[in-house]
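Trainee: One predicted model, sequence on top.
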Amino acid sequence: MRTSLLLICTLAAAAAHAQEDTTRLNEVTVQGYGQQRLLTEVPAAVNYVGQRDLLRFAPTSVLPAVNSMPGVRMEERSPGSYRLNVRGSSLRSPFGVRNVKMYYNGIPFTDPGGNTYLNQFGAGSFSSLEVLKGPGSSLYGAGTGGVLLAGSPRPVENGFSAGYTGGSFGSHLVQASAEAAGQRIYYSWQEANGYRQHTYMQRTVAGWSGHWQPSAKGQLEAHVLYGNLQYQTPGGLTPEQYAANARQARPAAGAFPSAEESRAAIYQQTIWGGLQYQHAWSEQWKNATSVYGAYSQVKNPTIRNYERRTEPHFGGRTVFTWQRQWLKVLAGGEFQQGFFNTSVYGNKAGQRDTLQTDDDINNRNISLFIQPEVVLEGGWIITAGLSLNNTAMHFTRQSDNPVFHFTSRFRNEWAPRLAVMKKFHPAANVYAVVSKGFSPPTVAEVLPSTSVINTTLQAEKGWNYELGARGGAGPFWYDVSLFYFGLKDAIVQRRDASGADYFENAGATVQQGIETFVSYSLRRVKLRAAYTCNHFRYKDFVQVDKNYDGNTLPGTPKHAVAAGVDVELARRLFLYATYTYNDDLFLNDANTDKAAGFNLLGCKVAYTHTFGKTDLLFHAGADNLLNVQYSLGNDINAAARRYFNVAAGRNWYAGVTVRGAFRGKE
């Protein structure tokens, strides 16, 4: 840790002279809670990841950029397998992204079953990411963790881009895009052999976006995304296996074969398309309406069975805005409908065997919301939101005779939110928030990998209290938030002896913490640092004969630090260095097993050469320079203590991108 901090300080001191950095967070406009105003004036805990943040790291993943922000922890169990932990939200996510609602260009992307296929995106699919931390149910429906608002690059000029990046462990990435006449197409192909045995990954992503203005008062945009992903799943290791050879795949144990013998893997395809039309009848009245349709197919041979899922779904969202002088009112609704099927078979060396269960799932979400906002003299902004939400799931087990039916109807949920901000320009804007969040079980939690339909699982819900401040002067910027979240009927993950997951309501939790982010720009250097302190505890939690009251929630470190420095070494030559520290974390509810903390150091050099209308961008870098052994995707409460999924050791990458403009007519 001392070596890392010394290197960062040395780089900063050596480069503290010359040109002013004009990029400022207080100049960023964010969309969260329908604000569409500068980040410094938004009364909410928001992490913003922009193009500059993404460029600091390898183009193969957004994970390190997201993890450079406070309060958010993006995890990777194996290449292509992501989890997103926002203030402890991954407690109920054995894999995948749950309890975080995602929108892509303002259009719903999370499916009506509560799952988000974040791994279907390529790194070049995003131009910005906004993470709204804490319950966003007053405007976005289900979810106690947070909301992810992702934007794709907008076509701004006629041009093209193509690039290649290669790296350690058989990593290859090819990206290409072109834009003309308000249209943009994008393609990427990625492959990696992985650091562990049995971790090969291949991902193809293609996308198209179109923007039109059919009238002086209307704007239309369309987006299509296709993702084809396959990756091998090596399985978790026990502490003894992790210490002996952390790169091995899960070996055979008892009656269960190894991950390699089972050919455990994920084969996942998604096609998603959405339309959004925005119309302004006058300066006071506006509307944005979006519709989408999607189809996902997942095949998942595992150590214990072979699961096949088909998940067609569609939906839409409409938001009316009325604004006049000091009052702004948002009102609208969101609807999603899914027609899923999950079939489970025996697994015979990666091939489907005898049918075990066959379930049709009809799932529906409806949300109605209203949010008035008042801007008063003296720098006061008061926002009050309220939503009414309804969720229903109907299961039909076709493989039973007679056919078994089960309908899970959850109570209508009211989700209020009140936020107050006082602006003290330019030094500080202070805000306070009180909000209620709720999150019904996802389809994958009611029907987990045990294939036993859980007829008793209920929604978790709780109140969040938050106090924050952000602002700055000149080159200095800071953002601080303190929160207290009391959650009842928390949904937590369990695993049976075979490693299959199931879920139950676990009494209550108390989650409180502090999140800070600061940055300082000199002439050719920009310093940044993020610090997170989490104090997450179980409350009123008894499981059979075990009392876990007061125990720490597993899966989230108490302390986390991310620091970085951006240095302009010469004209168009940049150096980026990043240091990350994660504290020890508990791996089970009993708090008897821990994952050790770790320190990471990474760097990247980028240079741009221009000739005519064409740019050549060269980049090279390294991650985990200290060659630390650590696990970034722990399996919480794992059976037989198979907790660990080791991340890559020291690794290198380099690449080149050509970017140019289409020539116009002479």
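Mentor: Here it is on my side, so go on.
Trainee: Just the strands from the stretch 151-300 of the chain, written as ranges.
Mentor: Remark: strands assigned in the stretch 151-300 of the chain by DSSP state E, counting those that start in this stretch are 159-167, 171-180, 183-192, 201-215, 218-232, 265-280, 285-301.
Trainee: Can you report how many residues neighbour residue 450?
Mentor: A count of nearby residues for residue 450, using other Cβ atoms under 10 Å, gives 18. All C-beta atoms are positioned from the backbone trio N, CA, C, and that covers glycine.
Trainee: Select, out of the strands of the stretch 151-300 of the chain, the one closest to residue 491.
Mentor: Across the strands of the stretch 151-300 of the chain, the minimum distance to residue 491, taken as Cβ to Cβ, is reached by strand 285-301, at 21.4 Å.
Trainee: quick one: that closest one to chain centroid distance?
Mentor: On the basis of Cα atoms, centre = their mean, to the nearest Å, strand 285-301 is displaced by 17 Å from the centre of the chain it belongs to.
Trainee: Show me what it is packed up against.
Mentor: Identification of packing neighbours for strand 285-301 by 3 or more Cβ pairs under 8 Å, 6 or more residues apart in numbering; DSSP states H and E yields strand 107-108, strand 265-280, strand 306-324.
Trainee: how does it look with 10 Å?
Mentor: Counting contacts by 3 or more Cβ pairs under 10 Å, 6 or more residues apart in numbering; DSSP states H and E, strand 285-301 is packed against strand 107-108, strand 218-232, strand 265-280, strand 306-324, strand 327-348, strand 351-376.
Trainee: mind checking which of those strands is nearest residue 576?
Mentor: Per Cβ to Cβ, nearest to residue 576 of the helices and strands packed on strand 285-301: strand 218-232, 27.6 Å.
Trainee: And that closest one, what's buried?
Mentor: 221, 222, 223, 225, 226, 227, 228, 229, 230, 231, 232 (16 or more other Cβ atoms under 10 Å).
Trainee: Just give me the closest of these to residue 636.
Mentor: Among these, and counting by Cβ to Cβ, the member closest to residue 636 is residue 231, at 20.6 Å.
Trainee: Check the helices and strands packed on strand 285-301 for me and report the most buried one.
Mentor: Scoring the helices and strands packed on strand 285-301 by mean neighbour count under mean count of other Cβ atoms under 10 Å gives strand 107-108 as the most buried, with a mean of 24.
Trainee: can you list the strands of the stretch 151-300 of the chain in JSON lines and add distance to residue 624 and mean pLDDT?
Mentor: Converted to JSON lines, these look like this (distance: least, Cβ to Cβ, whole Å; pLDDT from 0 to 100):
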{"stretch": "strand 159-167", "distance to residue 624": "12", "mean pLDDT": "96"}
{"stretch": "strand 171-180", "distance to residue 624": "14", "mean pLDDT": "96"}
{"stretch": "strand 183-192", "distance to residue 624": "15", "mean pLDDT": "96"}
{"stretch": "strand 201-215", "distance to residue 624": "18", "mean pLDDT": "95"}
{"stretch": "strand 218-232", "distance to residue 624": "20", "mean pLDDT": "97"}
{"stretch": "strand 265-280", "distance to residue 624": "25", "mean pLDDT": "97"}
{"stretch": "strand 285-301", "distance to residue 624": "29", "mean pLDDT": "97"}
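Trainee: Need the ones you listed in TSV (columns: distance to residue 527).
Mentor: Compiled in TSV, these are given as follows (distance: least, Cβ to Cβ, whole Å):
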stretch	distance to residue 527
strand 159-167	27
strand 171-180	29
strand 183-192	32
strand 201-215	34
strand 218-232	36
strand 265-280	38
strand 285-301	38
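Trainee: Tell me which of the helices and strands packed on strand 285-301 approaches residue 139 most closely.
Mentor: Going by Cβ to Cβ, the one of these nearest residue 139 is strand 351-376, 5.4 Å.
Trainee: helix or strand right after the closest one?
Mentor: Next helix or strand after strand 351-376 toward the C-terminus (DSSP states H and E): strand 380-397.
Trainee: Using PDB, write down the CA coordinates of the next helix or strand after that next one.
Mentor: Counting by DSSP H and E, the next helix or strand C-terminal to strand 380-397 is strand 404-409. C-alpha atoms of strand 404-409 as PDB (Å, rounded to 0.1, in the frame of the first residue of the first chain):
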ATOM      1  CA  PHE A 404     -49.300 -27.600 -10.900                       C
ATOM      2  CA  HIS A 405     -50.400 -23.900 -10.800                       C
ATOM      3  CA  PHE A 406     -49.100 -21.200  -8.400                       C
ATOM      4  CA  THR A 407     -49.800 -17.500  -8.500                       C
ATOM      5  CA  SER A 408     -47.600 -15.200  -6.400                       C
ATOM      6  CA  ARG A 409     -49.400 -11.900  -5.900                       C
END
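Trainee: And the residue most central in space within the chain, how far from residue 471?
Mentor: With distances taken as Cα atoms, centre = their mean, residue 84 lies nearest the centre of the chain, 4.5 Å away. Residue 84 sits 28 Å away from residue 471, taking Cβ to Cβ, to the nearest Å as the criterion.
Trainee: How about residue 415?
Mentor: 29 Å.
Trainee: Tell me where the stretch 401-550 of the chain has strands.
Mentor: 404-409, 413-424, 428-439, 460-473, 476-488, 491-495, 501-505, 508-521, 525-539, 542-543, 546-547.
Trainee: Phi and psi next, for residue 400.
Mentor: phi -90, psi 150 (degrees, to the nearest 10).
Trainee: I misspoke; the intended subject was residue 139.
Mentor: phi -130, psi -20.
Trainee: List the residues that contact it.
Mentor: Residues counted as contacts of residue 139 (Cβ atoms under 10 Å, 6 or more residues apart in numbering) are 32-34, 101, 132, 147, 319, 330, 332, 334, 367, 369-371, 383, 385-387, 415, 417.
Trainee: switch to 7 Å and redo it
Mentor: The contact partners of residue 139, by Cβ atoms under 7 Å, 6 or more residues apart in numbering, come to 33, 34, 369, 371, 385, 387.
Trainee: how much space between it and residue 466?
Mentor: 16 Å.
Trainee: do the same with residue 606
Mentor: Applying Cβ to Cβ to residue 606 and residue 466 gives a distance of 37 Å.
Trainee: same question, residue 145
Mentor: 14 Å.
Trainee: These two - which one has more neighbours?
Mentor: Between residue 145 and residue 466, residue 145 has the larger neighbour count (other Cβ under 10 Å), namely 30 against 22.
Trainee: how close does the nearest residue to that one once chain neighbours are set aside sit to residue 536?
Mentor: The shortest distance from residue 145 to any non-neighbouring residue, by Cβ to Cβ, 6 or more residues apart in numbering, is to residue 89 (2.7 Å). Applying Cβ to Cβ, the value for residue 89 to residue 536 is 11 Å.
Trainee: now residue 233
Mentor: For residue 233, the distance to residue 536 - Cβ to Cβ - is 28 Å.
Trainee: The two - which one has more neighbours?
Mentor: Using other Cβ under 10 Å, the more surrounded residue of residue 233 and residue 536 is residue 233, with 25 against 22.
Trainee: Settle this for me: that one is touching residue 78, isn't it.
Mentor: Yes - contact status for residue 233 versus residue 78: in contact at 5.9 Å, counting by Cβ atoms under 7 Å.
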